[in-house]
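1. test case, fold it:
(2 chains)
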Amino acid sequence: MKNLGISFLKALPSIIAALGMSSLFLNQWAYASDIGAELYEQHCAACHGIRGQGGTGVPLALDDFQREVTDQFLFNTIKHGRPGRVMPSYAMLGEEQISAIVKHIRGFSNVKAPAFDDTPITGDTKNGKSLFMQHCAACHGEQGQGAAGTGVTFSRPRDYPILAPALNNPGFLTSATDQDIKRTLVGGRKGTPMRSFIEAGLKEKEINDIVSYIRSFENNPLKPVHVDEPLVIEYESDADLTTVIDNIKRAAQGKNFRLIRVQNLDYGFVDEKAESGKEVIIYFCNFKLLNQALKVDSRVGLFLPCRITAYEQDGKVKVIAINPRRLSHLFNNNELDRLCNEMYKTYVEILEEATF
Amino acid sequence: MILVNRLFIILILVITSAFANAAHINMVRVKNTFPETMLRLQEVIKEHGYKLSRVQRVDIGLTQSGYQTDKYRVVFFGKHDELRWIIRNHPELIPYLPLKIAIYAENRDTILAIYNPNILFEPKDGKLQEIISRWEKDLESIFKAMREFETD
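-> Numbering: from 1, shown residues only, chains lettered A, B, ... in the order given. Predicted structure coming up:
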């Protein structure tokens, strides 16, 4: 008994040290969890849901998703994002912060994170292309560009809780290893339209061929979009303010827009009688176009409503509108960029007609 | 060749990540219904010293035109003195005034979105920079308050 007491006393420093270490470890783990939860809520929850249930973004809590993506895939995806596909890059976060987010995402499910090897897969790319066209292109697009309608949320009609990802996206190709892609093809994703290719009757060699074809998208990477656009579109008119306002209304209606309202820019900030009356906003909308835009990006409210402002300054009348191409660039959404390109042309036509 | 392609892709990612920065568009998911969140948002905006100008009911126009949508509004707000100063000195910002927040329902949650004015406007003028930096700070604070609202 005495010997036991002496042994205990001798071992006490080690026990204290071990307890200290485990306490430190637990503290660090708790720290990472707290930070991860905070960062997730701040940067991810708006699109992916508070508990990873999905929305505009992928439902991260799906067991099949958790079973088939590695921590490294999640890490790389957060770091690089998906250029042009809404998911932004969080390269400004440190590695510890990104790891903390990954840990938090893992907490959405009891499924253990997988670990795959990094061995590249070799296959017959030509046959892979043929199989891709047959089995994948309907959802992922012939060029692997992914499904359209990145902005559709649960509040609007949608058929599936997930949109087919863009496989030709540089963010995806950097984040996913060949084995990651193969695992998804083999297992499919329950709760999404992605089925198991093994269950669909494909052989392992054929799956390798498809992986090889998907990897070949790296040979034709998407070009980065560089936008150096002016902030606004502006024209000057020789006519008086009232005439220009009438011209804008007519031109907008001529382009199938419905006039919503006309108001002074300082409306709501001062009494009606004190409003300047020198800066007048003409609001208009094409609801078909708006509905289309909302399907592409749910945040398009930040463009709304369509408007042109006519203002008088130093004896000159000018008409001015946002440049949708400039604003769109902030959204990291190629589909929205295309729509905004069209909208830019429409604004120019209306402004030209109104100031002719 | 594969290595060259990989390096090229990483280069693209480095270039695009500079633009596709998370801070360009700020979003927050509020775990509260749309009407409660809308009320709270208006209170928070006022608490930060801004005046509400008006609310655009985007969903009303959409549903009246036969399109299906949940609640979707745009809240306009600002400060009159700042508005007048910018109109006088930086009319190129007129189409972006007043400030706005998009607010929309997603199931039982509500989502708010705003763009970062500092990144969009890239102000060079000292006073304008001061105003826009204040907006940026205030908007961050408004969104922080809205994030906390879900736990109330």
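
2. assign a three-state SS to B:Asn26, would you?
-> Of the three states, B:Asn26 takes strand under DSSP: H, G, I helix; E, B strand; the rest coil.

3. once you drop chain neighbours, what's closest to it?
-> What sits nearest to B:Asn26 in space, not counting adjacent residues and going by CB to CB, 6 or more residues apart in numbering or on different chains, is B:Ile114, at 5.4 Å. (Glycine included, C-beta is placed from N, CA and C.)

4. wait, doesn't that neighbour sit right on B:Leu139?
-> Yes: here B:Ile114 lies in contact with B:Leu139, judged by CB atoms under 8 Å, at a distance of 5.6 Å.

5. return the set of buried residues in stretch A:52-70.
-> Residues A:52-62, A:64-70 are the ones in stretch A:52-70 that count as buried (16 or more other CB atoms under 10 Å in any protein chain shown).

6. helices of chain A, start to end?
-> Using DSSP state H, the helices of chain A run over A:2-43, A:45-48, A:63-68, A:71-80, A:95-106, A:125-135, A:137-140, A:170-175, A:178-187, A:204-215, A:241-254, A:287-296, A:324-328, A:334-355.

7. can I get those helices in TSV with distance to chain B and mean pLDDT?
-> As requested, the helices of chain A are exported to TSV (distance: least, CB to the nearest CB, whole Å; pLDDT from 0 to 100):
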stretch	distance to chain B	mean pLDDT
helix A:2-43	6	64
helix A:45-48	4	91
helix A:63-68	19	87
helix A:71-80	5	94
helix A:95-106	12	95
helix A:125-135	12	95
helix A:137-140	18	90
helix A:170-175	5	92
helix A:178-187	11	92
helix A:204-215	9	96
helix A:241-254	13	97
helix A:287-296	4	91
helix A:324-328	7	94
helix A:334-355	10	95
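
8. B:Gly61: which of those helices is closest?
-> helix A:287-296 (5.9 Å; CB to CB).

9. and the angle from the closest one to helix A:334-355?
-> Here helix A:287-296 runs at an angle of 150 degrees relative to helix A:334-355 (axes from the mean of the first three to the mean of the last three CA atoms, to 10 degrees).

10. other SSEs contacting helix A:287-296?
-> helix A:334-355, helix B:58-64 (3 or more CB pairs under 8 Å, 6 or more residues apart in numbering or on different chains; DSSP states H and E).

11. phi and psi next, for the nearest residue to A:Ala166 once chain neighbours are set aside.
-> Nearest residue to A:Ala166 in three dimensions, chain neighbours excluded: A:Gly146, at 3.1 Å (CB to CB, 6+ apart). Main-chain torsions, A:Gly146, degrees, to the nearest 10: phi 90, psi 170.

12. and for A:Gly146, the neighbour number?
-> Neighbour count of A:Gly146, defined by other CB atoms under 10 Å in any protein chain shown: 23.

13. how about it, what does it touch?
-> If you count contacts by CB atoms under 8 Å, 6 or more residues apart in numbering or on different chains, A:Gly146 has them with A:Arg85, A:His140, A:Leu163, A:Ala164, A:Pro165, A:Ala166, A:Leu167, A:Asn168, A:Asn169.

14. per-residue confidence at it?
-> pLDDT for A:Gly146: 86.

15. quick one on the thing from earlier: contacting residues for the residue nearest to B:Asn26?
-> B:Ile114 makes contact with A:Leu302, B:Ile25, B:Asn26, B:Leu99, B:Lys100, B:Ile101, B:Ala102, B:Leu139, B:Phe143 under the criterion CB under 8 Å, 6+ apart.

16. please consider this matter closed, and thank you.
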